[in-house]
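> Provide a 3D model corresponding to the input given below.
(2 chains, ligands or ions: 2)
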Amino acid sequence: MISVFFQYDFLKYALYTGLMVGFLAPFLGVFLVVRRLSLIADALSHITLSGIAFSLLLGRYYGFFAGLNPIYMGAAFSVGGALMIERLRTVYVYYKELAIPIILSAGIGIGVVFISLANGFNNDLFNYLFGSVVAVTKSDFHLIIGITIVVTLLLVLFYKELFFLSFDEDQAVISGIPRRFLHVLFIIMVALVIAASMRVVGILLVSSLMTLPVAAAMRLARGFKQMFVYAVVFGELSVIVGLISAFHLDLAPGGTIVIINVIILLVVVLLTRKRV
Amino acid sequence: MSNIIEIKDLSFAYHGRNVLEDIDLSIEAGSFLGLVGPNGSGKSTLIKCLLGLVTPERGEVRLFGERLSRFHKWEDIGFVSQKANSFNSGFPATVFEVVSMGLYGKVGLFRFLTKKHKEKVREAIRQVEMEAFMHENIGQLSGGQQQRVFIARALVSEPKLLILDEPTVGVDAKSVKRFYTMLKDLNRNKGITLVLVTHDIGAMTEYVTDVACLNKHLHFHGDTKEYEEQEDDMMSRMYGHDVQIITHNHEHHDDHAHDGGHSS
Ligand SMILES: Nc1ncnc2c1ncn2[C@@H]1O[C@H](COP(=O)(O)OP(=O)(O)O)[C@@H](O)[C@H]1O
Ligand SMILES: [Mg+2]
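Ligands and ions are numbered 1, 2, ... in the order given. Have a look, this model is predicted:
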């Protein structure tokens, strides 16, 4: 079944991209979930949507943007939104989570305006919303390789600092860990991974690839390192099975990937029912 | 002896409300200080000032003779915050992983733990007698066990100064005694200077060498003997006359309970 993915170049791109995303999204998701920030992924994916819509809109009027991969504008918006969330979290010190719905609604609001200006839905947009097996281009593939390398490197380099900050922020700061810098760096990584994942999973379902495998991993893992192992295994499994079934059944892969994730989660929850 | 901590004329306010006023306090190397005071008296805030987690309105803090702003050797200080016992207990981290964090500052950015570091982690875990739980998730342990893990995390970088903010909240009386004995041992035999923050005055006097009483102002600072001579006076000054009797009775009950346990 999977062999068909190697017969056509465009399917190969989808598969490789999916494998990278299946690794990155759950990996970062572990940090998001343990810091109780999983909703940030939703906020950022919606702001990515407005970036994509903006790029598609500009593409109607300016040749330059028609040629530019909308992912770039999406990533730029996402990073901008990420920085805004960090800023807002220092404004609402006692209600840090408020930053998330603010950015989330801004993202949808702006996105919807751009979409209407561009005269409504088109096929492109549908692909961005729910993912696509056939729409992943070579240019997407290259960009996502870049993001994967950079983010993986940063995660390895700052693993222990991010772990410490997630577990006990005060203590981490006392031992000299640069909190602000790492918060900003981390949220930018999340923004980049969301932009990267969106091609395969779709904007509306990106956050589930960051949280569902982690939710399942949490039931099984002993210790933090194991969380990554389980989360990435579940993430990859869902992407591979999801992409194959999406192709053969002619469905949007965002949907199939999420459904596989839900199934994994249910199985894990049932199997670990007796544990606390 | 030299002073490990020097606080001069320190005042601190939250949103314009003074929480600490005119604090002068020096802590000698090798001492075991019990910092006591009722709830909300500013103990945790004073510790936060010491560690540079908050900035005081006025005054100066010196650690190991160095001005706080210029102090860098944070690995010489172990700290177990009051929040340590209200951490997210579902957090998936093993005892080993939690204790490892104590070395992260020392190891530094872009570096990883070596075999030697890992041996130190195991050593610290043995020191608090938690080796049987090395690879258990921290959330699955009892309050007292978790507390020991956090002490191990503070000890693993071999600090010269160890600060504990209400470490025995939620720990049963028997474990508290054992815990204090362990601290006394660290102080006497390893020469670690200790600051123990608590609102439970009765239990700790037989372990500490010095006592400081805080309630916005520093009401008393001296060795344990001096403190015991002035204890009643101190209570009324710190807690005020109205609550004195209730508080004192409460303390007495605790005292007896502990004395009883000790002599039998
Ligand atoms: N983050 C904060 N913001 C505002 N007020 C605070 C904050 N933390 C503590 N306080 C207030 O400062 C006072 C001292 O608190 P604290 O230092 O925690 O006392 P203790 O540790 O002795 O119980 C209390 O009245 C408390 O309500
Ligand atoms: Mg306190």
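
> The residue of chain A found nearest chain B: neighbouring residues, count only.
Distance from chain B to each residue of chain A (CB to the nearest CB) is smallest for A:S175, at 2.9 Å. No exception for glycine: its C-beta is placed from N, CA and C like everyone else's. Neighbour count of A:S175, defined by other CB atoms under 10 Å in any protein chain shown: 23.

> Spatially central residue for the chain, please.
Since you didn't name a chain, this refers to chain A. A:I194 (3.1 Å; CA atoms, centre = their mean).

> My question was about chain B, not that one.
B:L164 (1.6 Å).

> got a list of what it touches?
Going by CB atoms under 8 Å, 6 or more residues apart in numbering or on different chains, B:L164 touches B:F79, B:V80, B:I151, B:A154, B:L183, B:L194, B:V195, B:L196, B:V197.

> One more pass at 10 Å, please.
B:35, B:47, B:78-82, B:84, B:147, B:150-151, B:154, B:179, B:183, B:194-198 (CB atoms under 10 Å, 6 or more residues apart in numbering or on different chains).

> ok so it is a strand residue?
Yes - secondary structure of B:L164 (DSSP: H, G, I helix; E, B strand; the rest coil): part of a strand.

> for the stretch 151-264 of chain B, which spans come out with low pLDDT?
Counting by pLDDT under 70, the low-confidence segments of the stretch 151-264 of chain B come to B:240-264.

> Check the stretch 101-250 of chain A too.
Checking the stretch 101-250 of chain A against pLDDT under 70 turns up A:120-121.

> Could you look up the SS state of the residue sitting furthest away from the middle of chain B?
When distances are taken from the C-alpha mean of chain B, B:F110 lies farthest, 30.5 Å away, according to CA atoms, centre = their mean. Three-state call for B:F110 (three-state DSSP): coil.

> From ligand 1, how far out is the residue nearest to the centre of chain A?
33 Å (CB to the nearest ligand atom, to the nearest Å).

> Buried residues of the strand or helix carrying A:I259, list them for me.
Assessed by DSSP states H and E, A:I259 sits inside helix A:253-271. By neighbour count on 16 or more other CB atoms under 10 Å in any protein chain shown, the buried set for helix A:253-271 is A:P253, A:G254, A:G255, A:T256, A:I257, A:V258, A:I259, A:I260, A:N261, A:I264, A:L265, A:V268.

> surely the last one meets A:L220?
To tie it back to what came earlier, the one meant is A:V268. Yes - contact criterion CB atoms under 10 Å: A:V268 and A:L220 qualify, at 6.4 Å.

> what's the overlap in contacts for these two?
Counting by CB under 10 Å, 6+ apart, the contacts common to A:V268 and A:L220 are A:Y230, A:F234.

> show me the contacts for A:V34.
Contacts of A:V34 (CB under 10 Å, 6+ apart): A:162-163, A:166-167, A:214, A:218, A:224, A:227, B:88, B:90-93.

> thinking again about what came up before, how about the residue of chain A closest to chain B, nearest residue that isn't a chain neighbour?
Leaving aside its chain neighbours, A:S175 sits nearest to B:G105 (2.9 Å; criterion: CB to CB, 6 or more residues apart in numbering or on different chains).

> And for the one you found, the neighbour number?
Using other CB under 10 Å, B:G105 is surrounded by 23 other residues.

> would you list every one of the helices in chain A?
A:4-7, A:9-34, A:38-61, A:63-67, A:70-91, A:99-117, A:123-130, A:138-157, A:159-167, A:169-174, A:179-201, A:206-220, A:224-249, A:253-271 (DSSP state H).

> mind checking which of these is nearest ligand 2?
helix A:169-174 (12.7 Å; CB to the ion).

> quick revisit: which elements pack onto the helix holding A:I259?
helix A:9-34, helix A:123-130, helix A:179-201, helix A:206-220, helix A:224-249 (3 or more CB pairs under 10 Å, 6 or more residues apart in numbering or on different chains; DSSP states H and E).
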